[in-house]
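> Quick one, what's the 3D model for this:
(one chain, ligands or ions: 1)
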Amino acid sequence: MVTDQIAHAVSQHWLPVVLAVVAAWLVRNKYYNGLNKYPGPFLASLTNWWRFFDVYGRRPERSHIALHKKYGPVVRLGPNTLSFADPDALKTIYGLNKGFVKSDFYVVQQSVVKGHALPSLFSTTDNDFHMQFRRCVNSAFAMSALVQYEPFVDNTTRLFLKQTERLYVDQPGPCDFTRWLQFYAFDVIGEITYSKRHGFIEKNEDVDGIVAYLTKLFLYVAPIGQIPLLDRLLLKNPLYLKLSEWGLLDATFPVAKFARARMAERLPELLDGNNNNNNNKTKNKTTTGSPVLPTSEKTAPPPVVIKSPDLLSKFLAAREARPDFMSDTLVQTMAVSMAFAGSETTAISLSAVFYYLLKTPRALERLVRELDAAARAGRFADCETGLVTWHESQTLPYLDCCVKEAFRLHPAPGLPMERVVPRGGLEIAGRRVEGGTVVGCSAWVLHRDEGIFGEDVEVYRPERWEVRGEGDEARVKAMNGTMLQFGMGSRTCIGKNISLLEIYKLVPTMLRRFEISFDDPNSEWDIVNAWFVKQNNFITRFRLRDIVMPEKGVKVAEE
Ligand code: HEM
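Numbering: from 1, shown residues only. Have a look, this model is predicted:
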């Protein structure tokens, strides 16, 4: 009876009822988890739609910087979300064993396979799963493994030099440099992962639409990640998941198809549909007939020679070592993550180094002087193509300053890296924050901390990284400790060393070989912040340089 009366009253007065419910929801949001004490835009305290539209506008890093300038070190970006600009917060939020987990922002980045979201090393929100996964693959990314990957980078770099000359010097014309560097980064990752390039540089085109696919994906992920529930209504809606489960929908990332083909070449049973790890000991061969992986059986054939220790062979070795955990699916996920997490980010960082050097002729001249002096002193082994080795690049201190300064001014990740405060709550940079609150730091905000980096934070000044006099060491150490371009803590970038290998080799190599200039020196690039902050309209021209030779009588370094 009473319920009938209530239903009747609601149907009679539905508008005021709806308004009352919405008002109650907004008030609850405003005071949620005690976050009303933190400053920020009023609308952001009421609804996540504020940050959705902020990110949808493609330049959220600008509003984050402005908000922290206005409100101080903690800003409320949503009913349950805080952004921290205090370097002290880094150790707590990203520190090892602090119990923070990645927020649902990352779940939106999970792809759907057979009706299920597939967590990757990057996107998983489960710390235990992450710890096991990372342990399985960590050694493939160690600094010591770099030596093995350098020949892969060299292969692609030689082709890149040849094609740059053929396409942009022999027929002088403008080059969309960010896109060209993206092709480079994709092909390097392809080569390091599978010993096989996708073919971007050869063809000078977006092979299989991979770049376009990734661009669209990030444009979706960034705003939708602000209200992850939307993902379950859009790309991960129940109907879509069902259709995918029944095999009626295939939204496989083109790189995943490439990865699967490369895996199938090495594990023929995948082609037969036999994915059972335990059955593959005898079938574990390369296409040339030589086994790829060592086996653990005592009676197994003599130790297997891994012909090309690329990443895929290492992931497959991890599958052998931990068959209980490392499934074929995880091997493939890992291989795909390399392209997903390692191409755009590296291309963005390479573009930033070149862009800021071209915009700062004084710095470019100094860097070229450093390279020419090293060449005259015979410190570069390759005097023909201009290729610089990793080892040689590590003897160029000004190059190091130029790269770090580009990382500082233009970090690839453009949103706060969100984490959920563990149950029970914690103190973050002197402030009590309740469990369940989403917190994060943005590299764009932290890298412009005047207390750490100096007053001229908006200026590209590589010299700030130099250690010259007393006190510089501590200052530079504090700067290094605040750099967030690769993230921090247990979820820090696993591919950092690989990307550094690419950047520290390609920048000096290109500058030894080419004179690079803006097509229009007065033009600025356009920036699109879709989680990773991509640049457009960075158009350059190339002229061949005479490679500087060692002075007479100077002994040339050996390769
Ligand atoms: C300059 C280039 C790169 C930048 C700026 C970069 C940036 C990042 C950042 C910021 C994170 C942490 C994200 C977070 O905490 O939310 C991350 C994680 C990751 N990156 Fe990179 N990355 C780069 C290159 C690479 C490369 C080359 C690879 C692969 C070869 C790679 C693979 C990964 C993976 C797998 C993770 C997840 C790690 C984990 O959660 O354990 N990245 N990267």
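> I'd say H68 and F84 touch.
No. The pair H68 and F84 fails to qualify as a contact (Cβ atoms under 8 Å) at a distance of 9.0 Å. (Each C-beta comes from the backbone N, C-alpha and C, glycine too.)
> average model confidence for stretch 228-243?
pLDDT averaged over stretch 228-243 equals 93, rounded to a whole number.
> meant to ask about stretch 546-556
Taken as a whole, stretch 546-556 has a mean pLDDT of 90.
> which parts of it are buried?
Of the residues in stretch 546-556, those buried under the neighbour-count criterion (16 or more other Cβ atoms under 10 Å) are 548, 550.
> Which residues does it contact?
The set of residues external to stretch 546-556 that reach it, using Cβ atoms under 8 Å, 6 or more residues apart in numbering, is 371-372, 375-378, 380-381, 383-384, 386, 512-513.
> Same check on stretch 492-500?
Residues outside stretch 492-500 that contact it (Cβ under 8 Å, 6+ apart) are 94, 121, 134, 137-138, 141-143, 145-146, 149, 189, 192, 338, 341-342, 345-346, 349, 486-487.
> hmm, which of those are the buried ones?
Buried positions within the contacts of stretch 492-500, assessed by neighbour count (16+ other Cβ under 10 Å), are 94, 121, 137, 141, 145-146, 149, 189, 192, 338, 341-342, 345-346, 349, 486-487.
> give me the subset of those residues touching the ligand.
121, 338, 341-342, 345-346, 349, 486-487 (Cβ under 6 Å from any ligand atom).
> Give me the phi and psi for whatever residue of the stretch 101-250 of the chain ends up closest to the ligand.
Here the residue of the stretch 101-250 of the chain nearest the ligand is F122; by Cβ to the nearest ligand atom that distance is 3.8 Å. For F122, the backbone dihedrals (degrees, to the nearest 10) come out as phi -70, psi -40.
> Please list all residues in contact with it.
F122 is in contact with 106, 109, 337, 340-341, counting by Cβ under 8 Å, 6+ apart.
> Any figure for the gap between it and K102?
Note on F122: its distance to K102, by Cβ to Cβ, to the nearest Å, is 9 Å.
> again, but for G173
Computed with Cβ to Cβ, the distance linking G173 and K102 is 44 Å.
> which residues of the stretch 201-350 of the chain fall in helices?
210-224, 229-233, 238-245, 254-266, 311-321, 328-342, 344-359 (DSSP state H, counting those that start in this stretch).
> contacts for the helix or strand that the last one is followed by?
Scanning forward in sequence from helix 344-359 by DSSP states H and E, the next helix or strand is helix 361-376. Applying Cβ under 8 Å, 6+ apart, the external contacts of helix 361-376 come out as 356-358, 380, 383, 392, 395-399, 402, 460-462, 508, 511-512, 547-551, 554.
> out of those residues, which are buried?
Buried among the contacts of helix 361-376 by 16+ other Cβ under 10 Å: 356-358, 380, 392, 396, 398-399, 402, 460-462, 508, 511-512, 548, 550.
> Now the stretch 351-500 of the chain against the ligand: closest residue?
Taking Cβ to the nearest ligand atom, the ligand has its nearest neighbour within the stretch 351-500 of the chain at G495, 2.0 Å off.
> The ligand contacts on the stretch 1-150 of the chain?
So far as Cβ under 6 Å from any ligand atom goes, the stretch 1-150 of the chain lies against the ligand at 121-122, 134.
> that's a helix at M417, yeah?
No. Per DSSP: H, G, I helix; E, B strand; the rest coil, M417 lies outside any helix segment and is coil.
> heads up, I number from 26, so please use that
Renumbered: residue one is now 26, and that last one reads M442.
> List the buried residues of stretch 90-105.
Judged by neighbour count (16+ other Cβ under 10 Å), stretch 90-105 contains these buried residues: 90, 92-93, 96, 98-105.
> Among those residues, which ones are in strands?
99-103 (DSSP state E).
> Now tabulate these in TSV and tack on pLDDT.
As requested, these are arranged in TSV below (pLDDT from 0 to 100):
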residue	pLDDT
V99	98
V100	98
R101	98
L102	98
G103	98
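> As TSV, those with distance to G439 would be great.
As requested, these are arranged in TSV below (distance: Cβ to Cβ, whole Å):
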residue	distance to G439
V99	20
V100	16
R101	19
L102	14
G103	17
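> tell me which of these is nearest to T72?
Closest approach between those and T72, by Cβ to Cβ: G103, at 7.7 Å.
> if we can go back for a sec, mean pLDDT for the helices of the stretch 226-375 of the chain: which is lowest?
helix 279-291 (a mean of 85).
> just the strands in the stretch 476-584 of the chain please.
539-543, 551-555, 557-561, 564-569 (DSSP state E, counting those that start in this stretch).
> Buried deepest among these, which one?
When you average the neighbours per residue for each of the strands of the stretch 476-584 of the chain (mean count of other Cβ atoms under 10 Å), strand 557-561 leads with a mean of 21.
> between that one and strand 551-555, how big is the angle?
Here the directions of strand 557-561 and strand 551-555 differ by 160 degrees (axes from the mean of the first three to the mean of the last three Cα atoms, to 10 degrees).
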